[in-house]
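>>> Fold the following, please.
(chains A and B)
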Amino acid sequence: MTNIATDPMIRAEQISKSFVLHNQGGITLPVMNNISFSVAKGECLVLSGPSGAGKSTLLRILYANYKPTTGHVFVRHHDEVVDIVHARAREVLALRRQTISYVSQFLRVIPRVSTLDIVKDPMLRRHVPEAEAESRAKSMLERLNLPERLWLLPPSTFSGGEQQRVNIARSFVDPTPIMLLDEPTASLDAGNRHIVMDLITATRKAGAAIVGIFHDEVVRDAVATRYLDLSTLKSAA
Amino acid sequence: MSHDLQTEPLLEVKNLSRHYGARIGCEDISFSLWPGEVLGIVGESGSGKSTLLRCLAGIDMPTAGDVLFRHDNAFVNIFTLPESTRRHLMRTAWGIVHQNPRDGLRMDVSAGGNIGERLMDRGDRHYGSIRDHALNWLQRVEIGSTRIDDQPRQFSGGMQQRLQIARVLVSEPRLVFMDEPTGGLDVSVQARLLDLLRVLVRDLGIAAVIVTHDLAVARLLTDRLMVMKDGHVVEQGLTDQVLDDPHHAYTQLLASAVLAA
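Just a heads-up that it's a prediction; the model follows:
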């Protein structure tokens, strides 16, 4: 039995991943071998290592976006522990709705949907009342310096930095207990980068377990409580 | 996994096959669908996806297998139901959005009448409230209220498709089947429809099965994906996992042939 009070939020056990490319002669590309770690509430684990070390691959495995070749990822979901690698699709969907979010550097949304609706959407999915969702969305957009004249427009014509802030607003307006961050500050100017760093730290201190990838050293050192260096962990497969 | 998960599926499909003589339409398909879930079926032309959808929706009879639908807290086998009961279910609990809007609309009945008809099937009788409902739905699919008395033949293809969707969704079906719902529409109309469908699934908790060959549509609209080839399901799972980390050779080919899906 697991102990809910002391269990980590994420416990990854012996994760290995290789890609088999069937249309390129069936070659196998090993990416990582036998990686284990855990992340507790209030921690921000930063994945480090050079390009190609498997940082993004590992983050995607934690979200069940990629399937590891072997291994388990145990995730705390309310008062249960679920292996996201072997959970059924609908269990993963429930986890993603309530427990685990993935924030990439790109905003991927249906065209024509307004910025405000995009930021409200995850709250409405969690049954937050419409009026409350609206006011929380607005104050988050304000906090991220997105001018009010943009709120009713779809973000497709916004600059890269503005789109990224819409993405961050949507993910941090009602943060989940586990947050996976893949370069969320990549195209922000210095001022907004600081606001997002503060947001990440405040979310962590409020109890979230965070795993992130940040190329910017200033951001990395400001938000990290611990590092996982994939270049040293990666053994020859 | 008790939170937010209804334990009983809405639809259970067991070992469904449809043969046309010696030729396979679809073979040995099994899956379950829960309320609020959107399942996408992708594959190229001739892969069997429309055949499967027609069997699921009760339009076509399978050669073997069962489709069980949860109705009044019991599972009914839609192929053994009396014809009249099946027709009633099709008009009230299910909605079918056809690829060609002409197959789903009454072309000689006004736009308002096309929407109102479904409400009357459901038992609504008050003319004023039916008309209000129809106006509200025309607005939701962005057809001007002045067009309520026009016949669909006077509409553009994109407007006909939006009218068909309004006609299907007005009665708030629990399960919707869609065959290439945005095929042949220009990009801005497509986006409008995708957003409408997304909001309806979120707010009404309807379940849907969507056949499409457009992987970008599948990614934006569906939770789970089945990939079909030559009548068989070759890969299935979470939509983003199937598209981003495909394991089957055919899915890898399909996913790599798309620009930024």
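
>>> list the helices and strands the helix or strand hosting residue A:168 packs on?
Residue A:168 belongs to helix A:160-172 when assigned by DSSP states H and E. On a contact count with 3 or more CB pairs under 8 Å, 6 or more residues apart in numbering or on different chains; DSSP states H and E, helix A:160-172 meets strand A:100-103, helix A:115-125, helix A:130-143, helix A:190-205. For the C-beta atoms, the positions are set from N, CA and C on the backbone; glycine is no exception.

>>> now the second one against helix A:160-172, angle please.
Spelled out, it's helix A:115-125. Per axes from the mean of the first three to the mean of the last three CA atoms, to 10 degrees, the angle that helix A:115-125 makes with helix A:160-172 is 20 degrees.

>>> Export only the CA atoms of helix A:115-125, formatted as PDB.
Taking C-alpha atoms only, helix A:115-125 is exported to PDB below (Å, rounded to 0.1, in the frame of the first residue of the first chain):
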ATOM      1  CA  THR A 115      -8.000  35.000 -25.900                       C
ATOM      2  CA  LEU A 116     -10.400  35.400 -22.900                       C
ATOM      3  CA  ASP A 117     -12.200  32.200 -23.900                       C
ATOM      4  CA  ILE A 118      -8.900  30.300 -24.200                       C
ATOM      5  CA  VAL A 119      -7.900  31.300 -20.700                       C
ATOM      6  CA  LYS A 120     -11.300  30.500 -19.200                       C
ATOM      7  CA  ASP A 121     -11.600  27.100 -20.900                       C
ATOM      8  CA  PRO A 122      -9.600  24.900 -18.500                       C
ATOM      9  CA  MET A 123     -11.500  26.300 -15.600                       C
ATOM     10  CA  LEU A 124     -14.900  25.700 -17.300                       C
ATOM     11  CA  ARG A 125     -13.800  22.100 -17.900                       C
END
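
>>> so how far is that helix off the chain centroid?
Put simply, helix A:115-125 sits 17 Å off its chain's centre (CA atoms, centre = their mean, to the nearest Å).

>>> Quick one: mean pLDDT over it.
For helix A:115-125, mean pLDDT is 94.

>>> With the shortest one instead?
In this model, strand A:100-103 has an average pLDDT of 96.

>>> Let me know whether it sits next to chain B.
No - applying CB under 8 Å from any CB of the partner chain, one finds strand A:100-103 out of contact with chain B, separated by at least 9.3 Å.

>>> Test of understanding: give the bridge partners of the nearest residue to residue B:181 once chain neighbours are set aside.
Excluding the flanking residues, the one nearest residue B:181 by CB to CB, 6 or more residues apart in numbering or on different chains is residue B:97, at 5.1 Å. Here residue B:97 sits in beta bridges with residue B:178, going by DSSP bridges.

>>> Residue B:97 reaches residue B:180, doesn't it?
No - between residue B:97 and residue B:180 there is no contact under CB atoms under 8 Å: 9.1 Å.

>>> So between these two, which is more surrounded?
Legend: neighbour count by other CB atoms under 10 Å in any protein chain shown for residue B:97 and residue B:180, higher for residue B:97 (24 against 20).

>>> Please report the distance of the more buried one from chain A.
According to CB to the nearest CB, to the nearest Å, residue B:97 stands 18 Å off from chain A.

>>> who touches that residue in this structure?
B:104, B:164, B:165, B:168, B:176, B:177, B:178, B:179, B:181 (CB atoms under 8 Å, 6 or more residues apart in numbering or on different chains).

>>> Show the average pLDDT along the helix or strand containing the second one.
Taking DSSP H and E as the definition, one finds residue B:164 inside helix B:157-169. Averaged over helix B:157-169, pLDDT sits at 90.

>>> can you check stretch A:54-74 too?
Stretch A:54-74 comes out at a mean pLDDT of 97.

>>> Now do the end-to-end distance for it.
Using CA to CA, to the nearest Å, the end-to-end distance of stretch A:54-74 comes to 20 Å.

>>> which parts of that stretch are buried?
For stretch A:54-74, burial by neighbour count (16 or more other CB atoms under 10 Å in any protein chain shown) applies to A:54-69, A:71-74.

>>> Now narrow these to whatever sits close to chain B.
Answer for the buried residues of stretch A:54-74 near chain B (CB under 8 Å from any CB): A:60, A:64, A:65, A:66, A:67.

>>> Kindly export the strand or helix carrying residue B:28 (C-alpha atoms) in CSV.
Using DSSP H and E, residue B:28 sits within strand B:23-33. Output of strand B:23-33 as CSV, limited to C-alpha atoms (Å, rounded to 0.1, in the frame of the first residue of the first chain):
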residue,chain,number,x,y,z
ARG,B,23,-14.5,-7.8,-49.5
ILE,B,24,-13.9,-6.5,-46.0
GLY,B,25,-15.5,-3.2,-45.0
CYS,B,26,-14.4,-3.3,-41.5
GLU,B,27,-13.2,-6.3,-39.4
ASP,B,28,-13.4,-7.2,-35.7
ILE,B,29,-13.8,-3.7,-34.2
SER,B,30,-14.3,-3.3,-30.4
PHE,B,31,-14.2,-0.2,-28.2
SER,B,32,-16.2,1.6,-25.5
LEU,B,33,-17.2,5.2,-25.4
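
>>> other SSEs contacting that strand?
Strand B:23-33 sits against strand B:11-20, helix B:49-56, strand B:64-71, strand B:224-229, strand B:232-238, with contacts defined as 3+ CB pairs under 8 Å, 6+ apart.

>>> do that again at 10 Å, thanks
Judged by 3 or more CB pairs under 10 Å, 6 or more residues apart in numbering or on different chains; DSSP states H and E, strand B:23-33 is in contact with strand B:11-20, strand B:38-42, helix B:49-56, strand B:64-71, strand B:207-211, strand B:224-229, strand B:232-238.

>>> Any chance of those in JSON lines with distance to residue A:164, mean neighbour count and mean pLDDT as columns?
Formatted as JSON lines, these follow (distance: least, CB to CB, whole Å; neighbours: other CB atoms under 10 Å in any protein chain shown; pLDDT from 0 to 100):
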{"stretch": "strand B:11-20", "distance to residue A:164": "39", "mean neighbour count": "17", "mean pLDDT": "96"}
{"stretch": "strand B:38-42", "distance to residue A:164": "27", "mean neighbour count": "26", "mean pLDDT": "96"}
{"stretch": "helix B:49-56", "distance to residue A:164": "36", "mean neighbour count": "24", "mean pLDDT": "94"}
{"stretch": "strand B:64-71", "distance to residue A:164": "43", "mean neighbour count": "18", "mean pLDDT": "94"}
{"stretch": "strand B:207-211", "distance to residue A:164": "30", "mean neighbour count": "25", "mean pLDDT": "94"}
{"stretch": "strand B:224-229", "distance to residue A:164": "28", "mean neighbour count": "24", "mean pLDDT": "96"}
{"stretch": "strand B:232-238", "distance to residue A:164": "25", "mean neighbour count": "20", "mean pLDDT": "96"}
